[in-house]
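Participant: got a predicted model here, sequence first, then my questions.
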Amino acid sequence: QVQLVESGGGLVQAGDSLRLSCAASGRTFSRYAMGWFRQAPGKERAFVAAISWSGGSTYYADSVKGRFTISRDNDKNTVYLQMNSLKPEDTAVYYCATDKSLFGRGAATAIGYDYWGQGTQVTVSS
């Protein structure tokens with residue numbers, strides 16, 4: 001059974017940084033692209049970033065480009081989201097997910113992912 005466990009969320013001030021981690025098990029992690037999504041209260045789940053199975057390609061939502069960095073360590077079965085220059089509008093529950101396809105490059109829509117973590121709360125105060 002595939003399990004994804006996010007960690008690293010918390011309460012920070014605007015301008016601060018956080019690094020989220022997502023530890024994966026139950027699937028050959030290194031063969032699948034990974035994605036991060038977020039959901040703010042009253043809003044739909046939104047794409048944040050994705051990384052290909054090899055780590056060679058990354059993709060970002062325009063709202064986080066230049067501030068967030070997605071990376072992965074296939075030896076540790078972990079994907080990361082480094083978030084810098086945080087803004088109050090980044091406040092949301094952040095989820096990691098695995099791509100449905102083997103050796104994929106990652107998708108910008110939730111339908112492209114089949115397993116999800118439980119989420120970690122990020123709150124940015126102004």
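Facilitator: Thanks, I have it. Residues are numbered from 1 along each chain as shown.
Participant: hey, let's count contacts and neighbours off CA atoms from now on
Facilitator: OK.
Participant: quick one, what contacts the residue most central in space within the chain?
Facilitator: By C-alpha atoms, centre = their mean, the chain has its centre lying nearest to residue 36, at 2.3 Å. Going by C-alpha atoms under 8 Å, 6 or more residues apart in numbering, residue 36 touches 47-50, 81, 94-97.
Participant: just the closest of these to residue 106, please.
Facilitator: residue 50 (5.4 Å; C-alpha to C-alpha).
Participant: let's see the pLDDT reported for residue 58.
Facilitator: If you check residue 58, the pLDDT there is 97.
Participant: how about the one 3 residues further on?
Facilitator: Here the pLDDT value assigned to residue 61 is 98.
Participant: and if you look at residue 112?
Facilitator: So residue 112 comes in at 93 (pLDDT).
Participant: again with residue 98
Facilitator: 96.
Participant: that one pairs with what?
Facilitator: residue 34, residue 115 (DSSP bridges).
Participant: residue 32 is in contact with that one, correct?
Facilitator: Yes - under the criterion of C-alpha atoms under 8 Å, residue 98 makes contact with residue 32 at 6.5 Å.
Participant: hang on, the earlier thing: can you select the buried ones among the contacts of residue 36 for me in ChimeraX?
Facilitator: Buried members of the contacts of residue 36, identified by 16 or more other C-alpha atoms under 10 Å, are gathered into one ChimeraX selection as follows:
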select :47,48,49,50,81,94,95,96,97
